[in-house]
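Undergrad: next input, structure requested:
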Amino acid sequence: MSRIARKGHNGESMPCILPICLVLLVELSNVHLAQAQMSDEDRLIHWFQEHDRDHDGYLTVDEVIGYEMKLFKRMDRDGSGRLREDEYCGGIPATNTAELNRCHNRFTHIDANGDGYITPEKVADFYRLVLQTADQKGDGKVTVQEWLSTGLGD
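TA: Next comes the predicted model:
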């Protein structure tokens, strides 16, 4: 396999990273574009699959809250145990207004007391309610069909 290289300041061969970085940037842009163009049903299915951590075709409260807690900790960079809306929605490109609106709405619902912050407790309470609403059979497991019929994944 040949490598793209150029001569460094000391005459040694160095890999040319710029073309590789450009390719990665284009691919990442395509992923964001594809997600921005998803239908509502595709977005719900994607959310379901992302949260079905054991891939058994069901969502449980423990599964969803566990995953959301990992996401929360990743977003809570200062370790304060709470997130402002700009921290919660911070990774969404400004050009993706539909996703920013969904994130704003989700944040508003999670922040039930309206203090401008969400905490792990608020996130857990929110997703418990969401899953309880989606669980039409009342068996503690939400199927993809139940999930799609509620439209709660936004």
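
Undergrad: which residue packs closest to residue 69, ignoring adjacent ones?
TA: Spatial nearest neighbour of residue 69, excluding adjacent residues (Cβ to Cβ, 6 or more residues apart in numbering): residue 120 at 6.0 Å. (Glycine included, C-beta is placed from N, CA and C.)

Undergrad: the strands in the protein, which residues?
TA: 5-7, 13-15, 58-59, 142-143 (DSSP state E).

Undergrad: who touches the third one?
TA: Outside strand 58-59, the residues within contact range by Cβ atoms under 8 Å, 6 or more residues apart in numbering are 48, 51, 52, 131, 134, 141, 142, 143, 147.

Undergrad: spit out the contact partners of the third one.
TA: By Cβ under 8 Å, 6+ apart, the contact list for residue 52 reads 58, 59, 63.

Undergrad: quickly note the distance from the second one to residue 141.
TA: The one in question is residue 59. 7 Å (Cβ to Cβ, to the nearest Å).

Undergrad: between those two, which one's more packed in?
TA: Neighbours of residue 59 and residue 141, each counted by other Cβ atoms under 10 Å, are more numerous for residue 59; the result is 27 against 16.

Undergrad: one step back: surely the residue nearest to residue 69 touches residue 83?
TA: No. Look at residue 120 against residue 83 with Cβ atoms under 8 Å: they stay out of range, at 9.5 Å.

Undergrad: overlap in contacts of these two?
TA: Shared contacts of residue 120 and residue 83 (Cβ under 8 Å, 6+ apart): residue 72.
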